[in-house]
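Undergrad: From the sequence below, what's the structure:
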Amino acid sequence: MLDMLVVGGGYVGLSVAVAVKQAAPHLDVAVVEAAPEHAWKSDMRASAIIAAATKMLEVFGIWDEIEPEAQPINKMVVTDSRMSDPVRPIFLTFDGEVADGRPFAHMIPNFVMVGALRGLCERLGIEIRHGLSATGLKTGDTNIEVSLSDGSTVQSRLLVACDGVRSRLRDFAGIKTVTWDYGQSGIVTTVEHERPHHGCAEEHFLPSGPFAILPLRNNRSSLVWTERTHDANRLVAADDLVFEEELERRFGHKLGALRVVGDKRAFPLGLTLARSFVAPRFALAGDAAHGIHPISGQGLNLGFKDVAALAETIVEADRLGLDIGAINILERYQSWRRFDTFRMGVTTDVLNRLFSNDMTPIRIARDFGLGIVDRLPSLKSFFIGQAAGTTAKNNPRLLAGEAL
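TA: Numbers count the residues shown, from 1 in each chain. You can find the predicted model right below:
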């Protein structure tokens, strides 16, 4: 019987397995992943990783492996405009450093981060079983039994579900969600441009939703482009000429000619918040616990906060000789993470409704608010510290760069 089974082999699932196994090598930890063994190598997307999360990767001992492929975000620019506006005034700028001199975030290719985590799993002796999904579960007094798609079963003292926003395990555990659809989709792709971006990220608030330009290495940028769902599907299905023409209307020409160099994919956007993060011998982490709008770029980083809090809870309980799957232990994790998650979910929901709105009085009010923040250095420092995760109260130790 395993001590901990993680279902979901993305960066959140791999990170929680690594965090627990590294701090408590005697625990038997395994990961089950639905995708084929080498599928992660074809994921050309990139993710924004905040400063606190890079500290956790340093503790894992893999940041030196990842950093050469990571692009620091040195500056953040926010504009609010219509596409027809001849000039897009800048309402808010953030310098990209936090108190200890590190960038508040990095852009990291997904395959680089997952590859580093998988390599560490191998070195720690964490088995990863590929091509399998969970088909059911049964909870007992001392263990939880997971049925897998190949007909086998696995017993574990604790099951951690990291199987995404449409988590089947969450449904099997009977955990309900608060869910609604924004009628928007996020188009994700990578573009190459003539001129350097100098590590500057931009977020243009347009009437259909935010259009984020996030810097990558080698004169490339990652895009998260929000459109109404029917428009997003039309754009993704269009040929490259039509897509690039629409892209230039939003991206502008200051970085020179643009060329799409990555797959174009559209993901429906909504808000999904689990009503509970835990059940007996069962815990949710990452998108399985919360799916939020990408307007703040905090979705993945909420998952890393889950990782740090859950791992610390499990390791401390194990060192005290307590049952790591007991509900009273898992409720400590839930109380640690639930309020922060709901607060971020509500914040992103309000921001999306506020900025995906073209009513003149609302535009005037929000632009005035952005201008006020831009003129108050102390307030800007507060926001950048919050975004970087370095000033949050009661941070888990891993996010402070401390080993468990």
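Undergrad: and residue 188, what is it in contact with?
TA: Neighbour list for residue 188: 45, 222-225, 264-267 [criterion: CB atoms under 8 Å, 6 or more residues apart in numbering]. In this view, the C-beta of every residue, glycine as well, is placed from N, C-alpha and C.
Undergrad: farthest-separated two in these?
TA: 222 and 266 (14.8 Å; CB to CB).
Undergrad: returning to that earlier point: among the contacts of residue 188, which lie within strands?
TA: Those of those mapping onto strands are 222-225, 265-267, per DSSP state E.
Undergrad: Which of those residues are buried, as a ChimeraX select command?
TA: Applying 16 or more other CB atoms under 10 Å to these leaves a buried subset, and the ChimeraX line that selects it is:
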select :222,223,224,225,266
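Undergrad: ok so, going back, for the contacts of residue 188, please prepare a markdown table with the additional fields pLDDT and distance to residue 394.
TA: Below are the contacts of residue 188 laid out as a markdown table (pLDDT from 0 to 100; distance: CB to CB, whole Å):
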| residue | pLDDT | distance to residue 394 |
| --- | --- | --- |
| 45 | 88 | 31 |
| 222 | 94 | 32 |
| 223 | 93 | 35 |
| 224 | 91 | 30 |
| 225 | 92 | 35 |
| 264 | 90 | 41 |
| 265 | 91 | 36 |
| 266 | 94 | 37 |
| 267 | 93 | 32 |
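Undergrad: these two touch, right, residue 66 and residue 116?
TA: Yes - Residue 66 lies in contact with residue 116 (CB atoms under 8 Å); the separation is 5.2 Å.
Undergrad: Now the common contact residues for these two.
TA: Jointly contacting residue 66 and residue 116 under the rule CB under 8 Å, 6+ apart are residue 57.
Undergrad: got the buried residues for stretch 153-172?
TA: 154, 156-165, 167-170, 172.
Undergrad: Check which helices and strands the helix or strand harbouring residue 146 is in contact with.
TA: If you go by DSSP states H and E, residue 146 is part of strand 144-148. Applying 3 or more CB pairs under 8 Å, 6 or more residues apart in numbering; DSSP states H and E, one finds that strand 144-148 contacts strand 134-139, strand 153-161.
Undergrad: Please name the bridge partners of residue 128.
TA: Residues in a beta bridge with residue 128, per DSSP bridges, are residue 31.
Undergrad: returning to that earlier point: which one of the buried residues of stretch 153-172 sits closest to residue 353?
TA: Residue 353 has its nearest neighbour among the buried residues of stretch 153-172 in residue 165, at 19.8 Å by CB to CB.
Undergrad: Show the backbone phi and psi for that closest one.
TA: phi -70, psi -20 (degrees, to the nearest 10).
Undergrad: So it sits against residue 272, correct?
TA: Yes - Residue 165 sits in contact with residue 272 when judged by CB under 8 Å, with a separation of 5.3 Å.
Undergrad: Common neighbours of those two, please.
TA: Shared contacts of residue 165 and residue 272 (CB under 8 Å, 6+ apart): 287, 291.
Undergrad: contacting residues around the spatially closest residue to residue 331 that is not a sequence neighbour?
TA: Spatial nearest neighbour of residue 331, excluding adjacent residues (CB to CB, 6 or more residues apart in numbering): residue 278 at 6.2 Å. Applying CB under 8 Å, 6+ apart to residue 278 gives the contacts 284, 327, 330-331, 333-334.
Undergrad: now the angle from the helix ranked longest in the chain to strand 153-161?
TA: Ranked by residue count and defined by DSSP state H, the top helix of the chain is helix 327-355. Per axes from the mean of the first three to the mean of the last three CA atoms, to 10 degrees, the angle that helix 327-355 makes with strand 153-161 is 50 degrees.
Undergrad: Against which helices or strands is helix 327-355 packed?
TA: On a contact count with 3+ CB pairs under 8 Å, 6+ apart, helix 327-355 meets strand 209-216, strand 265-274, strand 278-279, strand 282-284, strand 290-291, helix 299-319, helix 360-374.
Undergrad: Please work out which of the ones you listed is packed deepest.
TA: Mean neighbour count (mean count of other CB atoms under 10 Å) peaks for strand 282-284 among the helices and strands packed on helix 327-355, with a mean of 28.
Undergrad: That one - what's its average pLDDT?
TA: Across strand 282-284, pLDDT averages out at 98.
Undergrad: quick check, nearest of the contacts of residue 278 to residue 242?
TA: Closest to residue 242, out of all of the contacts of residue 278 and judged by CB to CB, is residue 284, at 40.3 Å.
Undergrad: wait, that closest one sits on residue 274?
TA: Yes - checked against CB under 8 Å, the pair residue 284 and residue 274 is within contact range at 5.5 Å.
Undergrad: what touches both of the two?
TA: Joint contacts of residue 284 and residue 274 (CB under 8 Å, 6+ apart) are 170, 175.
Undergrad: hang on, the earlier thing: what residues sit buried inside the longest helix of the chain?
TA: In helix 327-355, counting by 16+ other CB under 10 Å, buried: 329-330, 332-334, 336-338, 340-341, 344-345, 348-349, 351-352, 355.
Undergrad: Cool, thanks, talk later.
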